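S.K.: predicted model, plus sequence, below.
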Amino acid sequence: MGVSGSGKSTVGKRLAQTWGWSFIEGDQFHSRANVEKMAAGIALTDSDRADWLKTVRAQMEAALNAGESAVVACSALKSKYRESLRIGHRVQFVFLNIGFAEANERLLARTGHFMPASLLASQFETLEPPEGADTINVDAQQSPDQIVKEVVAKLQN
């Protein structure tokens, strides 16, 4: 979890590959209206995100109910969003913690994504950084390989 440009998809895919798990890209479950809104530079509201979060949770539940493990890339910026995705002790959050300047630089270099760099400030305004032992907090300015090694090591403890 984290703001756009923090590396959720890149790190998530590598973690899933490392463990032989499924990878679920949360962005693919945004409604057409939400994608169009973001592409137009309009930040999503809690109401806009509600059905998307339900769909992401349903994907997580489907994997767990099938006896599978998965890595999910999802912004989950607010505490209440994370709570809506929490399925007991079966969900572990990894916060890819990144500063505005680095995330903005990555977004400006990224192509083919609906999320414009102009919305990054609104994501940082919305972000409620997770606290507590139930979240692994990593420095997202590290390389994806370094992040994966850190997350794997922390999850094995």
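M.R.: It's in.

S.K.: remind me what the worst-scoring helix or strand of the chain on mean pLDDT packs against, helices and strands.
M.R.: Lowest by mean pLDDT, DSSP states H and E among the helices and strands of the chain is helix 100-109, with a mean of 87. Packing partners of helix 100-109 (3 or more C-beta pairs under 8 Å, 6 or more residues apart in numbering; DSSP states H and E): helix 120-126. C-beta here means a position set from N, CA and C on the backbone, and glycine is covered the same way.

S.K.: now do the helix it packs on, average pLDDT.
M.R.: Average pLDDT, helix 120-126: 90.

S.K.: how about it: buried residues?
M.R.: 120, 122-124, 126 (16 or more other C-beta atoms under 10 Å).

S.K.: and the contacts of the least confident helix or strand of the chain?
M.R.: Helix 100-109 has contacts (C-beta atoms under 8 Å, 6 or more residues apart in numbering) with 3-7, 115-117, 120-121, 124, 140-141.

S.K.: so among the residues you listed, which ones count as buried?
M.R.: Neighbour-count burial within the contacts of helix 100-109 applies to 3-7, 115-117, 120, 124, 140-141; the criterion is 16+ other C-beta under 10 Å.

S.K.: in helices, which of the residues you listed fall?
M.R.: Among the buried ones among the contacts of helix 100-109, the members falling in helices (DSSP state H) are 120, 124.
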